[in-house]
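Trainee: sequence plus the predicted model coming up.
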Amino acid sequence: MTHRAAPARGFTLIELMVTLVLVVALATVAVPSFIAFQRNSELTSISNSLLASINAARSEAMKRNQHALVTPVSGSNWAGGWRVYVSQRYGSDATTYNESGSTPDLLIQQQAALPSYISVSTSDSAGTSMGQIRFDGSGYSKNAAGGAFQAMTLRVRRTDVPSGQQDAETRIVVVSTSGRVRVCKPSTDTSCTTTATQ
């Protein structure tokens, strides 16, 4: 009795080539979309971290009935990270974080430095750069001396994208004088500008 050889199974060279062409075509379409999604996700995450820090400062200020601040860790460089603290001092003395001495400030949280391709800039409604965000015990946003109410914005943007994509890769955090904070996207919201007050 003779045995028949089993028919060969597998792909032909033509089937393999067609499959490879389809995979390359799908990858060509999917990879740019994935990169855009990843960039958008990272920018949204950083903006939301800043929003959470500002809300934490406002909450601590109201809870403790003291001034709470969000300031850059280093000078005026917000991209170098920021800290949230409750100041044990008042007025112009409370413009920098004091971790020692007879009245050290109470550190609430600290954000690490951001990636080098993320920039953060601040301004008040008049366009003046801001080195801090301060809340009084009632939760209102105040100026550096702790006197007048102060609206301000922080612009978070990617610097590693072409200029035509800048608006899509930018988020603006708006702090109103009442202390209300929101994040918006300039490319989809016409009220989302660096001079917004609400």
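Mentor: Structure received.
Trainee: next one: the strand or helix carrying residue 122 to chain centre, how far?
Mentor: Assessed by DSSP states H and E, residue 122 sits inside strand 118-124. A distance of 10 Å separates the C-alpha centroid of strand 118-124 from that of its chain, computed with Cα atoms, centre = their mean, to the nearest Å.
Trainee: and stretch 172-192, by the same measure?
Mentor: Average the C-alpha atoms of stretch 172-192, do the same for its chain, and the two points are 12 Å apart (Cα atoms, centre = their mean).
Trainee: tally of neighbours for residue 175?
Mentor: Here the count is done by other Cβ atoms under 10 Å, and residue 175 has 29 residues near it. Glycine gets a C-beta too; all of them are placed from N, C-alpha and C.
Trainee: same check, this time on the one 10 residues further on
Mentor: By the other Cβ under 10 Å criterion, the neighbourhood of residue 185 contains 17 residues.
Trainee: cool, residue 51 as well?
Mentor: With other Cβ under 10 Å as criterion, residue 51 counts 19.
Trainee: same check, this time on residue 165
Mentor: Using other Cβ under 10 Å, residue 165 has 14 other residues around it.
Trainee: look up how far residue 50 lies from it.
Mentor: Residue 165 sits at a distance of 21 Å from residue 50 (criterion: Cβ to Cβ, to the nearest Å).
Trainee: from residue 80, how far off is the residue positioned nearest the centre of the chain?
Mentor: Nearest residue to the geometric centre of the chain (Cα atoms, centre = their mean): residue 47, 2.0 Å. Spatial separation of residue 47 from residue 80 under the definition Cβ to Cβ is 17 Å.
Trainee: pull out the buried positions in the lengthiest strand in the chain.
Mentor: Longest among the strand segments of the chain by residue count, using DSSP state E, is strand 77-86. Residues of strand 77-86 classed as buried under the neighbour-count rule (16 or more other Cβ atoms under 10 Å) are 78-79, 82-86.
Trainee: give me the contacts around the next helix or strand after the strand holding residue 122.
Mentor: Taking DSSP H and E as the definition, the helix or strand that follows strand 118-124 towards the C-terminus is strand 133-135. Strand 133-135 is contacted from outside by 54, 57-58, 61-62, 67-71, 94, 141-144, 146, 150, 152, 175, 179, using Cβ atoms under 8 Å, 6 or more residues apart in numbering.
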